[in-house]
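>>> here is a sequence together with a model predicted from it:
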Amino acid sequence: MPDNTNRNTILFVVLSMALLFGYQALVLGPQNKQREAELRAREGAQAVQPSGSPAATVRPEGPVYVSRAAALGGSPRVAVDTPALQGSLSLRGGRIDDLFLRDYRVTVDPGSPPVELLRPEGMRDAWFAEFGWTGANLPGLPSSGSQWTLVQGDRLSPGRPVVLRYDAGQGLAFTRRIEVDDKFMFTITDTVANSLSNPVTIAPYAAVQRRGAPAVPAMNAHEGAVGVMDGVLEMLNYNQLKKEEEKGFSATGGWLGITDKYWLAAVVPEQTEKVNAAYRTTQISGVDIFEANFVAQPRVVQPGGTYTHVSRLFAGAKTVPVLRTYEDTLGIPRFEDAVDWGRLFFITKPAFWLLEVFNGLLGSFGLAILALTVVVRLLMFYPANLSYESLTKMKKVQPQVEELRARLKDDPQKQQQELMRLYQSEKINPLMGCLPMLATIPVFLALFKVLSVAIEMRHAPFYGWIQDLSSRDPTTLLNLFGLIPWDVATTPFVGGFLNTYLHIGVWPLAYGVTQWLSMKMSPPAPDRIQQRIMELMPVIFTFVMAPFAVGLMIYYTWSNVLTILQQYVIMRKYQVENPIDDFLNRLKARRAPG
């Protein structure tokens, strides 16, 4: 039987390189271009309509968007002013459509603008919430274009609600009381009064609508529709929403909305109320309109009677302690699952809890990552030890293995038999070098997920030059990590290539070095070709991992250091040569006199 080991190894490396550069060309490159386009758009590159016409104009070639000033100026507004939020709500349609997050900034610069959450209709990427009533052949129902009147309050803030009123003079009058707490929860109390001579059947609804998907998709985090109905978590990303077009279901209580990686806008019915909910996607002039809504059960309102309905809107950051508080105080089921914990939630949730504990004790999310890594390595110590002991024993007999392979190179079957006999005499189980490590893979995948979605890592500083653990390492080898006053991204013609493909910072390099050292402490591959190829793998993975968040780089590098320490102790125990001792011995030899 021919030995295809070399062919397979070379094929593996070729495919790995193709994956690396394909990922850079097809994912990172377009994402950077999209990010630049989005920034230009948000800086005011939209066409502006005349004031008084805030809605985007629909043309055959696509919509023409308006500026924020024009969109806000199209209707009277009521200011929203809380410790966590600032913005306004529109009297046209009674929408909550203009919100910024006070505690979160666009960049790490404290003077940068606050993060924009909701945007009014007419702007690019509009995102808003609306509430209303539906019923067949009912006169005077308010619509998205109806003008409400402010009858109480002048500013919405905690303890200071506002009351709106709408009456088209056709027999039905509507009152809306809006309250907000000091975090991210709005309470909307809608009342309809029937002055007709006949009963009416009417149903309240609430909806979150987003126009257009994010220009730059999040990596390893869910974005799109999310909700829990009858205890079942439902997540549909934007592509799934477009494919489904509409997905409806009935439930009692629950919640549903539209989420970004870190931000959420979700409507919440009363938890004892039966509702018909839906995720829906429509398209107008090439723009995808994504909506999450619920409609409560119809009620009959007798002549002279009233009906009051209460619903809520969460609009803010997905910080787990806040979500848990609402889950406990308002009875909102599984509200913390608005965070994308992934399929390994039974690992990611406890891991995040530990991160919270360490962050509170150490006062640094970066240090919390290091502490969590130590805990994980301790938990995985026994299976890892089995694996490293097996690998160390294999390395110890490596000279005998090489002699045996050279002696029986023309008789593969005999060679294999002698290898098995050697392993048996030395009490080595080759499988023990791999199988115990398989138990650690789900844990490391879960930690990767946690660090990808934790909002606590966003703009969290670490020591030295790291000011944002959620972004890539800002340094690059090309300018000697900042020693040369040269921004590689501004280089004519090749700046984008250098800033994307060759942007290798200090932490990715540290990761590559530790990965290489850990590999060098393992038994070498069977032949020289495979050895050379395996030596390239740390280099390949350095390029692959470099665009990742630096918080992940710190985690993987520190994990590699702990792995190397464990390998070193075992190799010293079995008196096996290792690269660390080899380096120290060479250093001593150079310093020795004479």
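Looks like it came in fine.
>>> what secondary structure does Phe294 sit in?
Under the three-state scheme (DSSP: H, G, I helix; E, B strand; the rest coil), Phe294 adopts strand.
>>> how near is it to Thr281?
16 Å (CB to CB, to the nearest Å). The way it works is simple: take the backbone N, C-alpha and C, and place the C-beta from them, glycine included.
>>> who's more crowded, those two?
Phe294 (27 against 20; other CB atoms under 10 Å).
>>> so where do the strands sit in the stretch 301-450 of the chain?
306-317 (DSSP state E, counting those that start in this stretch).
>>> what segments of it are helices?
All helices of the stretch 301-450 of the chain, identified by DSSP state H, counting those that start in this stretch, fall at 320-329, 345-362, 365-379, 381-396, 398-407, 412-425, 435-438, 441-453.
>>> give me the angle between the first one and helix 345-362.
Interaxial angle of helix 320-329 relative to helix 345-362 (axes from the mean of the first three to the mean of the last three CA atoms, to 10 degrees): 110 degrees.
>>> same thing with the third one?
Between the axis of helix 365-379 and that of helix 345-362 there is an angle of 130 degrees, by the same axes, to 10 degrees.
>>> which ones are touching Ser195?
171-173, 303-304 (CB atoms under 8 Å, 6 or more residues apart in numbering).
>>> in JSON lines, list these along with pLDDT.
Listed next are the contacts of Ser195 as JSON lines, based on pLDDT from 0 to 100:
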{"residue": "Gly171", "pLDDT": "91"}
{"residue": "Leu172", "pLDDT": "95"}
{"residue": "Ala173", "pLDDT": "96"}
{"residue": "Pro303", "pLDDT": "95"}
{"residue": "Gly304", "pLDDT": "95"}
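>>> residues near Gly248, how many?
Gly248 has 12 neighbours, counted by other CB under 10 Å.
>>> including mean neighbour count, could the helices of the stretch 301-450 of the chain go into JSON lines?
Converted to JSON lines, the helices of the stretch 301-450 of the chain look like this (neighbours: other CB atoms under 10 Å):
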{"stretch": "helix 320-329", "mean neighbour count": "16"}
{"stretch": "helix 345-362", "mean neighbour count": "17"}
{"stretch": "helix 365-379", "mean neighbour count": "19"}
{"stretch": "helix 381-396", "mean neighbour count": "19"}
{"stretch": "helix 398-407", "mean neighbour count": "13"}
{"stretch": "helix 412-425", "mean neighbour count": "13"}
{"stretch": "helix 435-438", "mean neighbour count": "15"}
{"stretch": "helix 441-453", "mean neighbour count": "19"}
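>>> could you dump those into TSV with mean pLDDT and distance to Ala592 added?
Shown next, in TSV, are these (pLDDT from 0 to 100; distance: least, CB to CB, whole Å):
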stretch	mean pLDDT	distance to Ala592
helix 320-329	96	57
helix 345-362	94	43
helix 365-379	93	36
helix 381-396	80	28
helix 398-407	80	27
helix 412-425	81	38
helix 435-438	66	40
helix 441-453	86	42
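>>> of those, which is nearest Pro461?
helix 365-379 (7.5 Å; CB to CB).
>>> against which helices or strands is that closest one packed?
helix 345-362, helix 441-453, helix 550-573 (3 or more CB pairs under 8 Å, 6 or more residues apart in numbering; DSSP states H and E).
>>> out of those helices, which gets nearest to Val208?
The nearest among those, by CB to CB, is helix 441-453 at 20.3 Å.
>>> following that closest one, which helix or strand shows up next?
Remark: after helix 441-453, the chain's next helix or strand is helix 495-500, criterion DSSP states H and E.
>>> the nearest residue to Leu469 once chain neighbours are set aside: what's it in contact with?
What sits nearest to Leu469 in space, not counting adjacent residues and going by CB to CB, 6 or more residues apart in numbering, is Gly551, at 3.5 Å. Gly551 makes contact with 365-366, 369, 451, 457, 460, 462, 469-470, according to CB under 8 Å, 6+ apart.
>>> same question for Thr107.
His459.
>>> can you tell me how far it is from Thr475?
Thr107 is 17 Å from Thr475, by CB to CB.
>>> what's the helix or strand for the closest residue in space to Asp97 that isn't next to it in sequence?
Of all residues not flanking Asp97 in the chain, Phe128 sits nearest, at 3.4 Å (CB to CB, 6+ apart). Taking DSSP H and E as the criterion, Phe128 maps to strand 127-134.
>>> so for that strand, mean pLDDT?
The average pLDDT within strand 127-134 is 96.
>>> try stretch 251-263
On average, stretch 251-263 scores 95.
>>> hmm, Ala225 is touching Ala292, no?
Yes - Ala225 is within contact range of Ala292, at 5.4 Å (criterion: CB atoms under 8 Å).
>>> overlap of the contact sets of those two?
Here Ala225 and Ala292 have 256-258, 279 as joint contacts, going by CB under 8 Å, 6+ apart.
>>> in CSV: those residues, plus neighbour count, distance to Asp337 and secondary structure.
Formatted as CSV, the shared contacts of Ala225 and Ala292 follow (neighbours: other CB atoms under 10 Å; distance: CB to CB, whole Å; DSSP: H, G, I helix; E, B strand; the rest coil):
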residue, neighbour count, distance to Asp337, secondary structure
Leu256, 26, 12, strand
Gly257, 24, 12, strand
Ile258, 28, 15, strand
Tyr279, 25, 16, strand
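>>> return the helix or strand in this structure with minimum mean pLDDT.
helix 29-40 (a mean of 45; mean pLDDT, DSSP states H and E).
>>> check the secondary structure at the residue nearest in space to the middle of the chain for me.
Centroid-nearest residue in the chain, with CA atoms, centre = their mean: Ala221, separated by 3.3 Å. Put simply, Ala221 is coil when judged by three-state DSSP.
>>> so what's it up against?
Going by CB under 8 Å, 6+ apart, Ala221 touches 261, 340, 452-453.
>>> next, find the distance separating Val200 from Arg299.
Taken as CB to CB, the span from Val200 to Arg299 is 9 Å.
>>> show me what counts as buried in stretch 165-180.
166-167, 171-180 (16 or more other CB atoms under 10 Å).
>>> to clarify, my last question referred to stretch 278-291.
278-281, 287, 290-291.
>>> those: which two are farthest apart?
Ala278 and Val287 (19.5 Å).
>>> and stretch 293-309, how far apart are its ends?
End-to-end span of stretch 293-309 (CA to CA, to the nearest Å): 15 Å.
>>> what residues does it touch?
134-135, 189-208, 256, 267, 269, 273-278, 280.
>>> filter the residues you listed to the buried ones?
Buried by 16+ other CB under 10 Å: 135, 189-194, 196, 200, 202-208, 256, 267, 269, 273, 275, 277-278, 280, out of these.
>>> restricted to strands, list the residues you listed.
The strands, defined by DSSP state E, take in 189-194, 200, 202-208, 256, 267, 269, 275, 277-278, 280 from the buried ones among the contacts of stretch 293-309.
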